[in-house]
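In: Output the structure for:
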Amino acid sequence: MSAPRLLVVDSDPVRLMLLADRLRGDGYDVTAALTGEHVIESLEEDPPDLAILGPSIAPGDDVTVAGWIRGRATAPILHLRADPPEPGRRTGRGSSFADRSLTAPFEHADVLAAIDDLLVRFADGADREPSISLDADACVARVGRRVVQLSPLETRLVAALLAEPGVPVSSSRLLAEVWPADPQVDASSMWILVWRVRQKIELDPKHPELLVNVTGAGYRLVVDRRATAPD
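Out: Sure thing, here's the model as predicted:
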């Protein structure tokens, strides 16, 4: 059996190499990534079984990196924090962007235990989060394991996109389905509504991976990121 593949990301090159080398010594197949370009290249060439975000990544940048990972791999994310998280800090999906976090001070044994736990929990893919589902009556979307509360308008938009999952739906059709009683509504209302939904379901709403534009064709909802790449 091959060793589990780990992607370790940090902005401090010394700390990055020390952790990567130590994990290699523990028997893991480790790729160390310092720059954004290297992270994306590593994800596309050889998707990891687990990704580790190091403690030197600045708040905000960690969410961006997590978004790259979620959009290109099904690997769970372990976040090593240098400081306690800010009170109430959330991502666009309404929950912590990492599957597990450790806050300093922690021992290397704690890191190994967290890695083993995540690899076991995600081994059969049951805990991975490639899918989006909708409870229209409750105005609730499930993005993988995360639950997101939507407004009635947001619910109608997601329902219209889920009617043809992964297929581009034209803006004119979406306008008709979301605002059936208001034929005068214009494209700016759709743009605002798409923006609102992205704030709730995306890890990084500025770089959407789930609700994506398709030039000249409208919008589509990526319901299986293992098989469908964003435009």
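
In: Surely Ile115 and Leu6 touch.
Out: Yes - here Ile115 reaches Leu6: they are 7.3 Å apart, a contact under Cβ atoms under 8 Å. Placement of C-beta: from N, CA and C, glycine included.

In: which residues are common contacts for the two?
Out: Common neighbours of Ile115 and Leu6, counting by Cβ atoms under 8 Å, 6 or more residues apart in numbering, are 28, 50, 52.

In: Show me what the second one bridges to in the sheet.
Out: Under DSSP bridges, the beta-bridge partners of Leu50 are Leu6.

In: three-state assignment of the residue nearest the centre of the chain?
Out: Residue closest to the average C-alpha location in the chain (Cα atoms, centre = their mean): Arg70, at 3.6 Å. Under DSSP: H, G, I helix; E, B strand; the rest coil, Arg70 falls in the helix class.

In: Quick check: closest non-adjacent residue to it.
Out: Leu203 (5.5 Å; Cβ to Cβ, 6 or more residues apart in numbering).

In: quick one: that neighbour and Asp62 touch, right?
Out: No - contact criterion Cβ under 8 Å: Leu203 and Asp62 do not qualify, at 10.2 Å.

In: Overlap of the contact sets of the two?
Out: Joint contacts of Leu203 and Asp62 (Cβ under 8 Å, 6+ apart) are Phe97.

In: returning to that earlier point: what secondary structure does the residue nearest to Arg70 sit in?
Out: The three-state label for Leu203, taken from three-state DSSP, comes out as coil.

In: Settle it for me: which of Ile115 and Leu6 has more neighbours?
Out: The residue with more neighbours, out of Ile115 and Leu6, is Leu6; 24 against 21, by other Cβ atoms under 10 Å.

In: Enumerate every residue touching Val185.
Out: Val185 sits next to 175, 179 when contact means Cβ under 8 Å, 6+ apart.

In: And the strands in this structure?
Out: Secondary structure of the chain (DSSP state E): strands located at 5-9, 29-33, 50-53, 77-81, 100-103, 132-135, 140-143, 146-149, 211-214, 218-221.

In: Export the ones you listed as JSON lines, with columns for mean pLDDT and distance to Leu193.
Out: Below are the strands of the chain laid out as JSON lines (pLDDT from 0 to 100; distance: least, Cβ to Cβ, whole Å):
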{"stretch": "strand 5-9", "mean pLDDT": "95", "distance to Leu193": "33"}
{"stretch": "strand 29-33", "mean pLDDT": "95", "distance to Leu193": "36"}
{"stretch": "strand 50-53", "mean pLDDT": "95", "distance to Leu193": "32"}
{"stretch": "strand 77-81", "mean pLDDT": "91", "distance to Leu193": "29"}
{"stretch": "strand 100-103", "mean pLDDT": "87", "distance to Leu193": "32"}
{"stretch": "strand 132-135", "mean pLDDT": "85", "distance to Leu193": "15"}
{"stretch": "strand 140-143", "mean pLDDT": "84", "distance to Leu193": "14"}
{"stretch": "strand 146-149", "mean pLDDT": "80", "distance to Leu193": "15"}
{"stretch": "strand 211-214", "mean pLDDT": "88", "distance to Leu193": "10"}
{"stretch": "strand 218-221", "mean pLDDT": "89", "distance to Leu193": "10"}
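
In: State the number of residues packed around Val167.
Out: 12.

In: how near is the residue nearest to it when sequence neighbours are not counted to Ala58?
Out: Of all residues not flanking Val167 in the chain, Arg220 sits nearest, at 6.0 Å (Cβ to Cβ, 6+ apart). From Arg220 across to Ala58, the span is 32 Å (Cβ to Cβ, to the nearest Å).
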